[in-house]
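>>> sequence first, predicted model second:
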Amino acid sequence: MKKTKRGYYKKSLVMGWDQSGKLIRKYFYGKTQQDVNRQLSEAIQAKEWGMIPSDKKATFGPLAFSWLNEFKPLISEKTRVRYEGIIKNQLEPLHKMKLKELKPMHLQAIINRMARDGYAQKSMNHVKQTASQIMELALENDIVFRNVFAKVRVPHVDANTREPITPEQRNLIITTWKGHRMGVPALLMLYCGLRRGEMLALTWNDIDFKTQVVHVNKAVEYPRNLQASIKKPKTKAGTRDIPIPDAIMTALKEYRTQSTSLYFCPSVQTGGLMSNQAYKEAWKSYMHYLNIQAGGSDKVRIKNEDGKYSYRPAVTAMKSFTAHQLRHSYATMLYDAGVDVKTAQRYLGHADINVTMKVYTHLSDRTLKESTAKMNEHVSDEIRSAKLLIK
């Protein structure tokens, strides 16, 4: 309790944090200490009940960070980081605007700019949902009369199709698995459809060599790119048993005899979980290795006849691919092998069968185009062989 120069008593209450992490305080004034304490007690009680005192001058930024820090206590660290990034980056133009002055066009302008910059529809949906939830909090606490962001439209954007790896890339993985420590992990992701985080969390106890099944029941996550931690699958569908093809059992058994760690793909330094940076370096090294095996080369320094040096440029014989492309290749193999969509859903760990259907529909469209091309080629060959002239 402090007393101002004008004779009023003053106290403050921490209401949240702004975008820089600085505490936001609300001040209470009164002619007596009892009056100030009464106002403070009411504000504390309202805060504990999940209410925010109405303020005509309240701006979007402080409310956004208060919403995240005070009203989202049970979200995962990964989700918290996503919300925080959206508030700090995409929603930054709204921070200093008064809540009562916000209009749908303010968020629509942000969404439209994201669309022009090539953002995915999913990213734009996340921004709208975040802004709308923040305004819903303002609505519930009588700061605004309606959620002006609820009906903002997100433009439809066709999702980029993830392509499977090429037959040449698949052949390199199969024939060079002994040459690099990521060779067998790549084989398992390719022929069991594991996500990167699932593969990194895998222990040797999760691989049943007798029944040839891999038990998926956890995954690695990297909150804020910090030390790796184990999490349970987001949905029940993520916990699943996947059959291991006979063809890669030899590689798995040999790889097992060389391992001294509990983990299937451990850190070289510690034998424990790989850090995010360690995984990135290992995958980059693996892509470099495969490129060399495909006939590529590094940048080479050459001494010329005049004694000066020049450089022979690097040769890329194989385009790099991601771990997720191996998973997409697995889905492609399931489709080509005639595995029904429900079984594919179970093996892939999709909670929503529509996700599996999208993959299968895309592959069906691809097969149709290939069949049409083959038909055209067959007809053309037939006409040429018959020496017919088509005018």
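Received, thanks. Numbering: from 1, shown residues only.

>>> SS state for V157?
Three-state assignment for V157 (DSSP: H, G, I helix; E, B strand; the rest coil): coil.

>>> run through the residues that contact it.
A115, Y119, A120, Q121, M124 (C-beta atoms under 8 Å, 6 or more residues apart in numbering). (Glycine included, C-beta is placed from N, CA and C.)

>>> including distance to R346 and secondary structure, could those residues go into TSV?
Shown next, in TSV, are those (distance: C-beta to C-beta, whole Å; DSSP: H, G, I helix; E, B strand; the rest coil):
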residue	distance to R346	secondary structure
A115	36	helix
Y119	32	coil
A120	27	coil
Q121	27	helix
M124	31	helix
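
>>> between those, which is closest to Y286?
Set against Y286, the nearest of these by C-beta to C-beta is A120 (26.8 Å).

>>> burial count for that closest one?
14 (other C-beta atoms under 10 Å).

>>> can you give me the buried ones in the longest helix along the chain?
Determined from DSSP state H, the single longest helix within the chain is helix 353-385. Across helix 353-385, burial judged by 16 or more other C-beta atoms under 10 Å covers T356, V359, Y360, H362, L363.

>>> and of those, the nearest to L13?
The closest of the buried residues of helix 353-385 to L13 turns out to be T356 (C-beta to C-beta; 50.8 Å).

>>> identify the residues contacting the closest one.
By C-beta under 8 Å, 6+ apart, the neighbours of T356 are A331, V341, A344, Q345, L348, H350.

>>> the residues you listed into JSON lines, with extra columns for neighbour count and distance to A323?
Formatted as JSON lines, the contacts of T356 follow (neighbours: other C-beta atoms under 10 Å; distance: C-beta to C-beta, whole Å):
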{"residue": "A331", "neighbour count": "22", "distance to A323": "14"}
{"residue": "V341", "neighbour count": "16", "distance to A323": "23"}
{"residue": "A344", "neighbour count": "22", "distance to A323": "19"}
{"residue": "Q345", "neighbour count": "22", "distance to A323": "20"}
{"residue": "L348", "neighbour count": "22", "distance to A323": "14"}
{"residue": "H350", "neighbour count": "21", "distance to A323": "17"}
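
>>> about what we covered before: who wins for neighbours among the contacts of V157?
M124 (22 neighbours).

>>> how about the closest residue to it other than its chain neighbours, secondary structure?
Closest residue in space to M124, ignoring its immediate chain neighbours: V154 at 4.7 Å, by C-beta to C-beta, 6 or more residues apart in numbering. Classification of V154 by three-state DSSP places it in coil.

>>> what distance do you get for V154 to Y330?
Taking C-beta to C-beta, to the nearest Å as the measure, V154 falls 31 Å from Y330.

>>> ok, now A351?
17 Å.

>>> need the contacts of T356 in CSV with secondary structure, can you?
Formatted as CSV, the contacts of T356 follow (three-state DSSP):
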residue, secondary structure
A331, helix
V341, helix
A344, helix
Q345, helix
L348, helix
H350, coil
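
>>> dump those residues into a markdown table; add distance to R181 as well.
Listed next are the contacts of T356 as a markdown table, based on distance: C-beta to C-beta, whole Å:
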| residue | distance to R181 |
| --- | --- |
| A331 | 26 |
| V341 | 35 |
| A344 | 30 |
| Q345 | 32 |
| L348 | 26 |
| H350 | 30 |
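
>>> identify, from these, the entry nearest to L74.
Among the contacts of T356, and counting by C-beta to C-beta, the member closest to L74 is H350, at 24.7 Å.

>>> tell me the pLDDT of that closest one.
H350 carries a pLDDT score of 92 in this model.

>>> enumerate every residue touching it.
Contacts of H350 by C-beta under 8 Å, 6+ apart are A237, T356.

>>> could you redo the last one with a cut-off of 10 Å?
T235, A237, G238, R240, A331, V341, A344, T356, M357, K358, V359 (C-beta atoms under 10 Å, 6 or more residues apart in numbering).

>>> for those residues, work out which two are farthest apart.
R240 and K358 (19.2 Å).

>>> circling back: okay, the contacts of V157 in JSON lines with distance to N37 and pLDDT next?
Listed next are these as JSON lines, based on distance: C-beta to C-beta, whole Å; pLDDT from 0 to 100:
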{"residue": "A115", "distance to N37": "51", "pLDDT": "90"}
{"residue": "Y119", "distance to N37": "49", "pLDDT": "87"}
{"residue": "A120", "distance to N37": "51", "pLDDT": "86"}
{"residue": "Q121", "distance to N37": "51", "pLDDT": "88"}
{"residue": "M124", "distance to N37": "47", "pLDDT": "94"}
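
>>> closest to I174 among these?
Closest to I174, out of all of those and judged by C-beta to C-beta, is A120, at 32.4 Å.

>>> distance of the closest one relative to H180?
For A120 relative to H180 (C-beta to C-beta), the value is 32 Å.

>>> surely M333 and A247 touch.
No - contact criterion C-beta atoms under 10 Å: M333 and A247 do not qualify, at 11.7 Å.

>>> tell me which of those two has more neighbours.
Ranked by neighbour count (other C-beta under 10 Å), M333 and A247 place M333 first, with 17 against 10.

>>> need the contact list for the more buried one.
Neighbouring residues of M333 by C-beta under 10 Å, 6+ apart: P164, R170, L190, Y191, G193, P245, V339, A344.

>>> restricted to buried residues, select those in ChimeraX.
Buried residues within the contacts of M333, by 16+ other C-beta under 10 Å, are selected in ChimeraX with:
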select :164,170,190,191,193,344
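
>>> quick check: the farthest pair among the contacts of M333?
R170 and A344 (18.8 Å).

>>> where exactly do the helices run in the protein?
33-48, 60-71, 77-88, 104-116, 121-140, 167-175, 183-192, 196-201, 249-258, 276-293, 323-336, 341-348, 353-385.
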